[in-house]
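S.K.: Model the following, please.
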Amino acid sequence: MIFSAPLGPGHVARQQVCRAGESLVWAMYRRTFYYAVDGLDRLGAPSRSLFARGASAVGRGAGDLALTFLGGGGDSADDKAPEADHLVFGPSRESLAGRAMSAFEPGRRSHRLWALTSTRLVIAERVVAPEDPGSTSLLGMAIEFGKGVGKIFTDNRLKFGENVEGEPVAVPEYQVVVEIPRAQIADVQAAGSSLRVVLVDGSGFEFLLEPRVAAQDKVVAKELTKFWLRRGENLELGLAPVFGYVGGVVGGSVHVPWSPVGEMPPLKLDALRWPLPAPPSPPDWIDDPTLGYWLEGPAPSCAAVRLADHFAFARGNARLAVSDQRVAVVYPTHLFEAKPATVVTTFAEIPRNAVRLETPSTGASLPAAPVVRLTFADGSRLDIRHP
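M.R.: This next block holds a predicted model:
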């Protein structure tokens, strides 16, 4: 877990952008864009270059524009310019997409939130609190320096970027700048690491996405194969420890974070020094950097709770292990014994044929985040953030 990561775009869009009765399709953070518009260079200035005259993505497939644009060309290329993570294409700057982006400066890094909802495409910018004019004077700077020194000696809480030990992850404020009605959206196309929104006049936006790839941890797999598997048993999945709270909906009630209800092993842990979860948004739990697991079940007695209790209790000291015979929570034995006779100790063991194992993506944020999903015979479910 990276507790310093910002709250994900799906969570933020659902709370800051979506109106009552409006559903969220996807959301993403974007920083830098350039133009790929006929007759313009990438900063939007008139251009006569062959590249600019053929820059429009009209008629191209999703992803083709990105490959052409980033592969070279353009008469305003600058090796020091920030790389684009989205592009604006179209037949002219007066197109729907061109006019929509006229409020923003191309080639400049900025915190923008894009969200596609059931009724519109939204572009929002992060609201930054204005700087206190007094803090820029010599006296103001001296006062602020003194306050900073005082905080160093009085506030020993751990800091994780903008997130602070013992405080909920804050929902950043975004202000909607541009809205494009769904009636003006002709198509949404996805291909590989590219997503394109095409408007009714042929102009649009192409987003360059870095896919999140989940991979088996070879060190963990080797360790579990050597010390956990029984004779004749084959390892299907072994996860590295996931540091984070468990959240979930059990018996119709939201629990963030979840507290164990079953008996836990005799393990003494230091005081927890993590930030607290953000205000709960169950569909977007994966966007909260403090949440590592999500639990859903009809009652505290369900199978998913048996495993979730351990992950909530262990604070990253336990891991999931799945073989072709069983699913279990595995702890290092040295946590319980000064001179351990075994390397690992198993808890909450469940027969493999009573569990369905999947690795889907979850949430509305793009790029999509992979999880390990365990669905049990009693209908309960446990999602684990894939390390």
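S.K.: May I have the phi/psi pair for the closest residue to Leu382 other than its chain neighbours?
M.R.: Here the nearest residue to Leu382 in space, its sequence neighbours aside, is Ala304; by C-beta to C-beta, 6 or more residues apart in numbering that works out to 4.3 Å. The C-beta positions use only the backbone N, C-alpha and C, and glycine is treated the same way. Here the main-chain torsion angles of Ala304 (degrees, to the nearest 10) amount to phi -60, psi -30.
S.K.: So Ala304 sits against Ala377, correct?
M.R.: No: counting by C-beta atoms under 8 Å, Ala304 does not reach Ala377; the two are 10.7 Å apart.
S.K.: and those two? which has more neighbours close in?
M.R.: For the pair Ala304 and Ala377, the greater number of neighbours falls to Ala304 (26 against 13), based on other C-beta atoms under 10 Å.
S.K.: Relative to Val200, how far out is the more buried one?
M.R.: To Val200, Ala304 is 46 Å away according to C-beta to C-beta, to the nearest Å.
S.K.: and what of Gly166?
M.R.: According to C-beta to C-beta, Gly166 stands 50 Å off from Val200.
S.K.: do the same with His11
M.R.: His11 sits at a distance of 31 Å from Val200 (criterion: C-beta to C-beta).
S.K.: These two: which is more packed in?
M.R.: Each of His11 and Val200 had its neighbours counted (other C-beta under 10 Å), and the higher figure belongs to His11 (27 against 12).
S.K.: what about that one, which SS state?
M.R.: helix (DSSP: H, G, I helix; E, B strand; the rest coil).
S.K.: list the contacts for it?
M.R.: Contact partners of His11, counting by C-beta atoms under 8 Å, 6 or more residues apart in numbering, are 171, 278, 281, 284, 287-288, 365.
S.K.: change it to 7 Å
M.R.: 278, 281, 284, 287-288 (C-beta atoms under 7 Å, 6 or more residues apart in numbering).
S.K.: How far off centre is the one helix or strand Glu223 maps to?
M.R.: Element membership for Glu223, per DSSP states H and E: helix 218-227. Its chain's C-alpha centre and that of helix 218-227 lie 28 Å apart, by C-alpha atoms, centre = their mean, to the nearest Å.
S.K.: Which secondary structure elements does it sit against?
M.R.: For helix 218-227, the helices and strands in contact under the criterion 3 or more C-beta pairs under 7 Å, 6 or more residues apart in numbering; DSSP states H and E are strand 235-238.
S.K.: Now do the buried residues in the strand it packs on.
M.R.: Buried residues in strand 235-238, counting neighbours by 16 or more other C-beta atoms under 10 Å, are found at 235, 237-238.
S.K.: Closest to Arg99 out of those?
M.R.: Leu237 (49.5 Å; C-beta to C-beta).
S.K.: Any idea how many residues pack against the closest residue in space to the closest one that isn't next to it in sequence?
M.R.: Leaving aside its sequence neighbours, Leu237 sits nearest to Val322 (C-beta to C-beta, 6+ apart; 4.2 Å). Val322 is surrounded by 20 other residues when neighbours are defined as other C-beta under 10 Å.
S.K.: Surely Val322 forms part of a strand?
M.R.: Yes: read with three-state DSSP, Val322 is one of the residues of a strand.
S.K.: where does it land on pLDDT?
M.R.: On the pLDDT scale, Val322 is placed at 97.
S.K.: any idea how far Gly247 is from it?
M.R.: For Val322, the distance to Gly247 under the criterion C-beta to C-beta works out to 22 Å.
S.K.: For Gln184, give me phi and psi.
M.R.: In terms of degrees, to the nearest 10, the main-chain angles of Gln184 are phi -90, psi 0.
S.K.: ok, it touching Ala97?
M.R.: No: with contact defined as C-beta atoms under 7 Å, Gln184 does not count as touching Ala97 (9.8 Å).
S.K.: More neighbours: those two, which one.
M.R.: In this view Gln184 and Ala97 are compared by other C-beta under 10 Å, and Ala97 has more residues nearby, 27 against 15.
S.K.: Before I go, just wanted to say thanks for your time.
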